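# Need coordinates for the below:
(2 chains)
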2 protein chains.
Amino acid sequence: MARLQRSAEAISLPLPRSLSELAGIIRDGIARAQWPETKVYVQLTRGAAPRDHGFPVSAQPTLIMTFREMHPLASDVRIRGVDAITMPDLRWGRCDIKSVNLLANVLARQRAKEAGVFEAIFVHGDEVTEGAVSNVLLVRDGRLITPPEGPAILSGVTRGVVLTLARKDGIPVDERSMTRSDLAEAQEVLLTGTTVEVIAVVRVDGAAVGTGRPGPIASRLHEQFSEYVRKSL
Amino acid sequence: MARLQRSAEAISLPLPRSLSELAGIIRDGIARAQWPETKVYVQLTRGAAPRDHGFPVSAQPTLIMTFREMHPLASDVRIRGVDAITMPDLRWGRCDIKSVNLLANVLARQRAKEAGVFEAIFVHGDEVTEGAVSNVLLVRDGRLITPPEGPAILSGVTRGVVLTLARKDGIPVDERSMTRSDLAEAQEVLLTGTTVEVIAVVRVDGAAVGTGRPGPIASRLHEQFSEYVRKSL
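Residues are numbered from 1 along each chain as shown, chains lettered A, B, ... in the order given. The predicted model follows:
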């Protein structure tokens, strides 16, 4: 909710309801959908107006929410870990704004799908930023490394929870820029996201990460994340 | 039509009709709309499907066209010329693809509107790329300079026509990268676009361009452009 507010503010889009009203609608939608687990998607636009680049002057914002069944990742995928490829990060300079300007992500994700792998990891020059639909964290010498919040990444909600859990668990966390060689020399590579939660990447561009199997920190953090979610219900 | 085809191809979006069929629909729409002049907007999507980043597998592409009355720029605006501001170019790495991923353009255009000027000119590092809704050309020492086609700009249809007309008219044209100092030292700055056609920028970030009035090459090229359009009807 905070990120929705922040993103809307960053593009001068007024929220048509207060955050607590929105939360009420979401709770209501989940209750009415009656899925075992629900994936909520909230989309807000400036409203209907003739096409123009300048903001419409008198349009009412349009708020759309969908409530779909959430299918958690199959457990064998989690046990095996997933593969990823790297791709040039062609996205714009404000990736911290959650918006539907996702063509670069869509193309990267499709490329991954066609390559038969789970995710595309974006690399900008020498910097590893994030995945097409996930944040990327890695483990080097027992430390958890991930790029800091800023315009180059979308600050994932799962990312934030996982970093907090790691710190509580005594795992040192470095939020710093992450290079190609960090990625190449990592003992573990992790993806975080709403659907993937925490999952280990075991192969990047065909090369094994660490032992080529999910490592202990990925497993530990996923366990803790699941417990955190259970407790929050 | 060629750019629509090229853009669709670049994102692996199959055209649902041939270019000549599309041209037929457009001609039909213009005839039915009966505006004195018509602004046609064509939008193509992959079709309706549940939200996901990977391409939908069986969706039918959705093709939407709008036919609105085209309001040419008021002639006093053209006589006076317009003001512009520069802004950091935050757009993605494939600006040559015409798509609706225009949030950076929308924010820049709105910023220009709020600053009371006509256009925002994007600057990437030291390079002047293009306007939020137009291409930028400038005149230095009698030569017309504009960035070459490539991923940093949208290859404007009006831009292409104007460059051809300039060459025919004996004006030397340099398609090369254009720096901030080119812009600062230009005798004339021109914008090209479907709605603006060819218009002179007389002030950038508050500083006068050349004499502070539309220059001879802008006027000449707009004249030739108008004649070219008249002849094409």
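
# lowest confidence element among the helices and strands of chain A?
helix A:75-80 (a mean of 92; mean pLDDT, DSSP states H and E).

# Show me what the helix or strand hosting residue A:110 is packed up against.
With elements taken from DSSP states H and E, the one containing residue A:110 is helix A:103-114. With contacts taken as 3 or more C-beta pairs under 8 Å, 6 or more residues apart in numbering or on different chains; DSSP states H and E, helix A:103-114 sits against strand A:82-88, strand A:119-124. All C-beta spots, glycine's among them, are computed from the backbone N, C-alpha and C.

# Run the chain-centre distance for the first one.
For strand A:82-88, the distance between its averaged C-alpha position and the chain's averaged C-alpha position is 15 Å (C-alpha atoms, centre = their mean, to the nearest Å).

# Looking at the helices and strands packed on helix A:103-114, which is nearest to chain B?
For the helices and strands packed on helix A:103-114, proximity to chain B was assessed by C-beta to the nearest C-beta; strand A:82-88 is nearest, at 7.3 Å.

# angle of that closest one against helix A:103-114?
Strand A:82-88 and helix A:103-114 are oriented at 140 degrees to each other (axes from the mean of the first three to the mean of the last three C-alpha atoms, to 10 degrees).

# Sheet-wise, list the partners of strand A:82-88 with their directions.
strand A:119-124 (parallel), strand A:197-204 (parallel) (DSSP bridges).

# how about the CA coordinates for the longest one, as CSV?
Translated: strand A:197-204. Coordinates of each C-alpha in strand A:197-204 appear next as CSV, following Å, rounded to 0.1, in the frame of the first residue of the first chain:
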residue,chain,number,x,y,z
GLU,A,197,8.5,-15.9,-2.4
VAL,A,198,12.1,-16.9,-2.0
ILE,A,199,13.6,-19.3,-4.6
ALA,A,200,17.2,-20.4,-5.4
VAL,A,201,18.7,-19.9,-8.8
VAL,A,202,21.0,-22.8,-9.5
ARG,A,203,22.2,-21.9,-13.0
VAL,A,204,22.8,-18.5,-14.6
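
# Next secondary structure after that strand?
strand A:207-208.

# For chain A, just list every one of the helices.
For chain A, applying DSSP state H gives helices covering A:2-10, A:19-33, A:75-80, A:103-114, A:157-168, A:180-184, A:216-232.

# Could you identify which of those is most buried?
With neighbours defined as mean count of other C-beta atoms under 10 Å in any protein chain shown, the helices of chain A peak in mean count at helix A:103-114, which reaches a mean of 19.

# Now do the same contact list for residue A:84.
A:112, A:117-121, A:131, A:189, A:191, A:201, A:203-205 (C-beta atoms under 8 Å, 6 or more residues apart in numbering or on different chains).

# Remind me what the least confident helix or strand of chain A packs against, helices and strands.
So helix A:75-80, by 3+ C-beta pairs under 8 Å, 6+ apart, packs with strand A:197-204.

# Quick check: residues of chain A near chain B?
A:11-12, A:41, A:50-51, A:53-55, A:66, A:68, A:88, A:90-94, A:97, A:99, A:101-107, A:109-110, A:113, A:132-133 (C-beta under 8 Å from any C-beta of the partner chain).

# and residue A:74, how many residues sit next to it?
A count of nearby residues for residue A:74, using other C-beta atoms under 10 Å in any protein chain shown, gives 9.

# repeat for residue A:91
Neighbours around residue A:91, by other C-beta under 10 Å: 27.

# Excluding chain neighbours, what is closest to it?
Spatial nearest neighbour of residue A:91, excluding adjacent residues (C-beta to C-beta, 6 or more residues apart in numbering or on different chains): residue A:104 at 4.4 Å.

# For the one you found, give me its contacts.
A:89-92, B:92-94, B:101.

# now do residue A:17
Neighbouring residues of residue A:17 by C-beta under 8 Å, 6+ apart: A:25, A:63.

# Quick one, grab the pLDDT at it.
On the pLDDT scale, residue A:17 is placed at 95.

# From residue A:45, how far out is it?
As judged by C-beta to C-beta, to the nearest Å, residue A:17 and residue A:45 stand 14 Å apart.

# Then residue A:37?
Separation of residue A:37 from residue A:45 (C-beta to C-beta): 27 Å.

# Neighbour count: the two, which is higher?
residue A:45 (14 against 10).

# wait, that one sits on residue A:60?
No. Here residue A:45 does not reach residue A:60: they are 10.1 Å apart, not a contact under C-beta atoms under 8 Å.

# ok, now how distant is the residue of chain A positioned farthest from its centre from residue A:48?
Largest separation from the mean C-alpha position in chain A: residue A:58, at 33.7 Å (C-alpha atoms, centre = their mean). Distance of residue A:58 to residue A:48, given as C-beta to C-beta: 11 Å.

# Likewise for residue A:13?
14 Å.

# who has more neighbours, those two?
Neighbours per residue, other C-beta under 10 Å: of residue A:13 and residue A:48, the larger number sits with residue A:13, 17 against 10.
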